[in-house]
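# here is a sequence together with a model predicted from it:
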Amino acid sequence: MKRVAMISISAIFLALFFVGCANSAAQVVVTETPAPIETVVIGFDLSNVTPTPVLTPTIPIPTATPTATPVITPSAANGTLELTLEQLAQYNGKNGNPAYIAVDGVIYDVTNNHHWTTGTHEGYSAGTDLTDAIMGKSPHGISVLGDVSVVGKLIAG
């Protein structure tokens, strides 16, 4: 019985405590209404102003200037181009020049081959005779040249 009385008294105490807190939190706060905001309009007379053009800065796009001026003649298109080793060096795939390689006396156009996009492949440069490298050192040999256009032949000079 004593225990029930203690629980009842505790419950009444807690109820009074929370009701008291609730009443203090429910107080009404009165504030003043702010003064109305005045609108100020500022006018500008722009009738005698000359508009200034806006300049957009541009960065010039560098253009590739071929160091040599190789000319792709119709003979390159039909595979009858004849070049010396010195002339072949102009076709190195750099500065807008086509990329040609020679293998076993045949000149191949590797310009659009994805392996030769910079004029080099596996440390070898276009514009050179790669017979020894492809036939003697390359793991694929001349088999990859079947998909490459023949533009002519290498001649002594």
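That came in fine, so what should we check first?
# now stretch 104-116: buried residues?
Within stretch 104-116, the residues scored as buried using 16 or more other CB atoms under 10 Å are 106, 107, 108, 109, 110, 111, 113, 116. Where C-beta positions appear, they are placed from N, C-alpha and C, glycine not excepted.
# check what pLDDT the nearest residue to residue 152 once chain neighbours are set aside gets.
Taking CB to CB, 6 or more residues apart in numbering as the measure, residue 152 lies nearest to residue 81, with 2.9 Å between them; neighbours along the chain are not counted. Reported pLDDT at residue 81 in the predicted model: 89.
# and the strands in the protein?
Taking DSSP state E as the criterion, the chain contains strands spanning 81-83, 100-103, 106-109, 120-121, 124-125, 149-154.
# in JSON lines: those strands, plus distance to residue 37.
Supplementary listing: those in JSON lines, determined by distance: least, CB to CB, whole Å:
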{"stretch": "strand 81-83", "distance to residue 37": "84"}
{"stretch": "strand 100-103", "distance to residue 37": "79"}
{"stretch": "strand 106-109", "distance to residue 37": "77"}
{"stretch": "strand 120-121", "distance to residue 37": "72"}
{"stretch": "strand 124-125", "distance to residue 37": "76"}
{"stretch": "strand 149-154", "distance to residue 37": "79"}
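# of the ones you listed, which is nearest residue 35?
Distance to residue 35, taken as CB to CB, is lowest for strand 120-121 among the strands of the chain, at 78.6 Å.
# so what are the sheet partners of the closest one and their directions?
Within its sheet, strand 120-121 is paired with strand 124-125 (antiparallel), according to DSSP bridges.
# other residues contacting the partner strand?
For strand 124-125, the external contacting residues (CB atoms under 8 Å, 6 or more residues apart in numbering) are 92, 93, 101, 119, 130, 133.
# can you map out the helices along the chain?
Per DSSP state H, the chain carries helices over the ranges 2-25, 74-77, 85-88, 131-132.
# show me what the last one is in contact with.
The contact list for helix 131-132, computed with CB under 8 Å, 6+ apart, reads 102, 103, 104, 105.
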